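In: One predicted model, sequence on top.
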Amino acid sequence: MTSTFSAAASAEAGARPVPALEVKDLRISYGAVEAVKGISFTVEQGEFVTLLGPSGCGKTTTLRCIAGLESPSGGVIKINGAEVASVARQLSPDRRGINMVFQSYAVWPHLTVEQNVAYGLHGKKLERSEIRRRALAALELVGLEKFADRYGTELSGGQQQRVAVARATVTDPAIILFDEPLSNLDAGLRERMRAELLTLQRQIGRTAIYVTHDQSEAMAMSDKIILMNNGLIDQQATPRELYNRPRTRFAADFVGTTNVLEGTLETTGSRRVFREGAQGIELAVSDREVPDGSVVAVTRPEHIRLTTDTSSLNALPGTVLSVEFLGNRCDVSVEVRGIRFRIEAPASFDAGVGSPITVVFDPDAILILPATAQA
Ligand SMILES: Nc1ncnc2c1ncn2[C@@H]1O[C@H](COP(=O)(O)OP(=O)(O)O)[C@@H](O)[C@H]1O
Ligand SMILES: [Mg+2]
């Protein structure tokens, strides 16, 4: 290595703050079962990053390994630049500067709010007055200072969530880990709590790693989503990128509603045509990224238009199968040559079931993915 190169490298390293978390080629096995099969990702300071994926894909295992509750069978984990886990090295959980918020909050009913929060400070050889000062400061951060003397049983679900967050921040951790903290709640409460949790996280400004199988939760809360499938990372992206540019069929299917067609792509001059395999539906597409050959074409419901005008590009005759009026829009199912499409229509849409309709696909909004990218 020349000295010029190393000077440039260190200047660059100096310009960027060290990431809060670096996971490199992480593998985790339970006996013969490899639950995590080699994943790499980085979490920047203050970022809210979500591990999203179906049940059993390895989210909790990854989180527990970051916390120090599991050991890697391969790879490295660094927190604030320092190695905390590898095959050779395993720093104990209490020395990693990490706290975890669990599904049930685990707020102890027989302790007061203050005692619940102060619990994490015991064993740290602090003066009683200092423990009290820090616990109250953490409660103030989540707006619960007036509830310090209440018991766990006297709190609403939202207040328990705040106590759990205060307890997780009181030791001043580098990173807070959340494992499906909202999954026990019913739908309405869950939506309120996720908004509140996000506000809290922004207020306290902590780096957070959040695990969920719920794509709408991940979309609403995250700076970055790490989509996992079967022990591997399928795609890492912002919520917008993941929705607008899924890289695999798995990602397209897992996030949002999709219409998926399998077929082939063929380019003639400047024209690219997707030809669906079974029914021979043909669509002009603008996508330039994927080469000709076997592909899947993915379209979101909001990118298909329903009309009576049959003259547009990519207009296909179909039949209305069902119409769900949802107040601000209609969710419509339309059959085109035996294939069912899910389409989002304006609230004013009022064609009856069985009526003929023209379906128009915007060539710019048809996403082409290589068939081999299927997971
Ligand atoms: N303690 C364990 N012993 C053996 N296998 C486990 C253990 N914990 C998890 N697994 C397996 O590891 C895989 C990933 O599990 P997990 O990380 O809990 O998934 P997720 O949190 O994404 O639902 C699953 O196949 C699961 O059965
Ligand atoms: Mg889990």
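Out: Looks like it arrived, so ask away. Ligands and ions are numbered 1, 2, ... in the order given.
In: Contact partners for residue 310?
Out: Taking C-beta atoms under 8 Å, 6 or more residues apart in numbering, we find residue 310 in contact with 317, 358. C-beta coordinates here come from the backbone N, C-alpha and C atoms, glycine included.
In: swap in residue 99?
Out: 120, 167, 168, 169, 171, 173, 175, 176, 177.
In: Could you double-check that the first one lies in contact with residue 165?
Out: No: using C-beta atoms under 8 Å, residue 120 is not in contact with residue 165, being 11.9 Å away.
In: So between these two, which is more surrounded?
Out: residue 165 (29 against 21; other C-beta atoms under 10 Å).
In: Are we agreed that that one is in a helix?
Out: Yes: looking at residue 165 with DSSP: H, G, I helix; E, B strand; the rest coil, it is inside a helix.
In: In contact with it, which residues?
Out: Here residue 165 is in contact with 101, 142, 176, 197, 200, 201, 204 (criterion: C-beta under 8 Å, 6+ apart).
In: and the fourth one, what element?
Out: Residue 197 is part of helix 187-204 when elements are defined by DSSP states H and E.
In: Would you mind listing what in the stretch 1-150 of the chain touches ligand 1?
Out: 30, 33, 35, 53, 55, 56, 57, 58, 59, 60, 61 (C-beta under 6 Å from any ligand atom).
In: again, 8 Å this time
Out: Contact residues (C-beta under 8 Å from any ligand atom) of the stretch 1-150 of the chain with ligand 1: 30-31, 33, 35-36, 51, 53-64.
In: Tell me, how many residues neighbour residue 269?
Out: 5.
In: On the three-state scheme, residue 218 is what?
Out: Under three-state DSSP, residue 218 comes out as helix.
In: could you list every residue that touches it?
Out: 50, 52, 210, 212, 225, 239, 255.
In: Which ones among those map onto strands?
Out: 50, 52, 210, 212, 225 (DSSP state E).
In: Look up the closest residue to residue 372, ignoring the ones flanking it.
Out: residue 294 (7.6 Å; C-beta to C-beta, 6 or more residues apart in numbering).
In: quick one, phi/psi of that neighbour?
Out: Dihedral pair for residue 294: phi -70, psi 130, per degrees, to the nearest 10.
In: That one pairs with what?
Out: Residues in a beta bridge with residue 294, per DSSP bridges, are residue 264.
In: residue contacts, it?
Out: Residue 294 sits in contact with 262, 263, 264, 370, 371, 372, where contact means C-beta under 8 Å, 6+ apart.
In: From ligand 1, how far off is the spatially closest residue to the fifth one that is not a sequence neighbour?
Out: Here the nearest residue to residue 371 in space, its sequence neighbours aside, is residue 294; by C-beta to C-beta, 6+ apart that works out to 4.0 Å. Separation of residue 294 from ligand 1 (C-beta to the nearest ligand atom, to the nearest Å): 30 Å.
In: Tell me the confidence at residue 294?
Out: Note on residue 294: pLDDT of 95.
In: Double-check that residue 100 belongs to a helix.
Out: No: with three-state DSSP as the criterion, residue 100 is located in strand rather than a helix.
In: pretty sure it contacts residue 180?
Out: No: taking contacts as C-beta under 8 Å, residue 100 lies outside contact range of residue 180: 11.5 Å.
In: now the helices: where do they sit in the protein?
Out: Applying DSSP state H to the chain gives helices spanning 3-15, 59-67, 113-118, 128-141, 157-169, 187-204, 215-221, 239-244, 249-254.
In: ok, of those helices, where does mean pLDDT dip lowest?
Out: Checking each of the helices of the chain, the one with the poorest mean pLDDT is helix 3-15, at a mean of 48.
In: list the buried ones in stretch 126-135?
Out: Using 16 or more other C-beta atoms under 10 Å as the test for burial, stretch 126-135 gives 131, 134, 135.
In: who's in contact with the closest residue in space to residue 144 that isn't next to it in sequence?
Out: The shortest distance from residue 144 to any non-neighbouring residue, by C-beta to C-beta, 6+ apart, is to residue 162 (5.2 Å). Neighbouring residues of residue 162 by C-beta under 8 Å, 6+ apart: 142, 143, 144, 196, 200.
In: Quick check: residue 106 vs residue 152, distance?
Out: Plainly put, residue 106 is 10 Å away from residue 152 if you go by C-beta to C-beta, to the nearest Å.
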